[in-house]
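Undergrad: Please find the sequence and the predicted model below.
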Amino acid sequence: MARTDDDRQERLDSPKGMRTRVLPTRRRGRGDTFGRATEGIARAMGTPWFLVGLTLFCAVWMGYNTLAPKPWQFDSAAIGFTALTLVLSLQASYAAPLILLAQNRQDDRDRVQFEQDRQRAERNLADTEYLAREVVALRLAMRDMASKDFIRAELRSLLEELDRRDTEDAGFADEPGTTTRG
């Protein structure tokens, strides 16, 4: 009976594709859930409401451990609220990497956006240069085209020439022995 990948034990001398996983793989819908969650946490930690909430949490903690009966207190004010210090230290130790991860993700997005902006700028420059060349070509072509004033002047000169011919033809027709050209 042939062994399947699930039956094989994790061995380091087998190729990576042949190794079995210790933990079952789960299907990743987007694969970016953790990164989005850390950005949400980092974004929330940068708000005034977080600071107000953290201040209220510390005030309630210290108030309870100062005013509550001794058997109900879990963090002594006499030793400087050691548990509160530990909780805040733990929060800070997780906050720093989450903020750095969010900044790295933002840097990656900025890098992609910069690349897209650069490509868009290159396309716009190429389009602008093409349009500038086309405008120059149109201007050069327009120089070779007859203007309205030029056409009017040519028509006037043709009319004058026709009028002159008509008068010359009329003059030849009056002379005996000449015929008009037809």
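TA: Nice, I can see it.
Undergrad: how far does the longest helix belonging to the chain sit from the chain's center?
TA: Taking DSSP state H as the criterion, the chain has its longest helix at helix 82-144. Here helix 82-144 is found 6 Å from its chain centre; the criterion is C-alpha atoms, centre = their mean, to the nearest Å.
Undergrad: Quick check: what element follows it along the chain?
TA: Using DSSP states H and E, the next helix or strand after helix 82-144 towards the C-terminus is helix 148-174.
Undergrad: what is the rounded mean pLDDT of that following helix?
TA: For helix 148-174, the mean pLDDT works out to 86.
Undergrad: Who are the packing partners of it?
TA: The contact analysis (3 or more C-beta pairs under 8 Å, 6 or more residues apart in numbering; DSSP states H and E) places helix 148-174 against no helix or strand. Every C-beta, even on glycine, is put in place using the N, C-alpha and C of the backbone.
Undergrad: quick one: it to chain centroid distance?
TA: The answer for helix 148-174 is 68 Å, by C-alpha atoms, centre = their mean.
Undergrad: Going forward, count from 43.
TA: Taking 43 as the first residue, the last one we looked at is helix 190-216.
Undergrad: Now do the residue positioned nearest the centre of the chain against K190, distance only.
TA: Residue closest to the average C-alpha location in the chain (C-alpha atoms, centre = their mean): Q155, at 4.2 Å. For Q155, the distance to K190 equals 52 Å [C-beta to C-beta, to the nearest Å].
Undergrad: for A179, same thing?
TA: 22 Å.
Undergrad: try Q161
TA: 45 Å.
Undergrad: Looking at the two, which is more packed in?
TA: Using other C-beta atoms under 10 Å, the more surrounded residue of Q161 and K190 is Q161, with 10 against 7.
Undergrad: Quickly find the element holding F92.
TA: helix 90-109.
Undergrad: Can you get me a residue count around A79?
TA: Neighbour tally, A79, other C-beta under 10 Å: 12.
Undergrad: what's the offset of whichever helix or strand it is part of from the middle of its chain?
TA: Assigned by DSSP H and E, A79 belongs to helix 75-87. Relative to its chain's centre, helix 75-87 lies at 21 Å (C-alpha atoms, centre = their mean).
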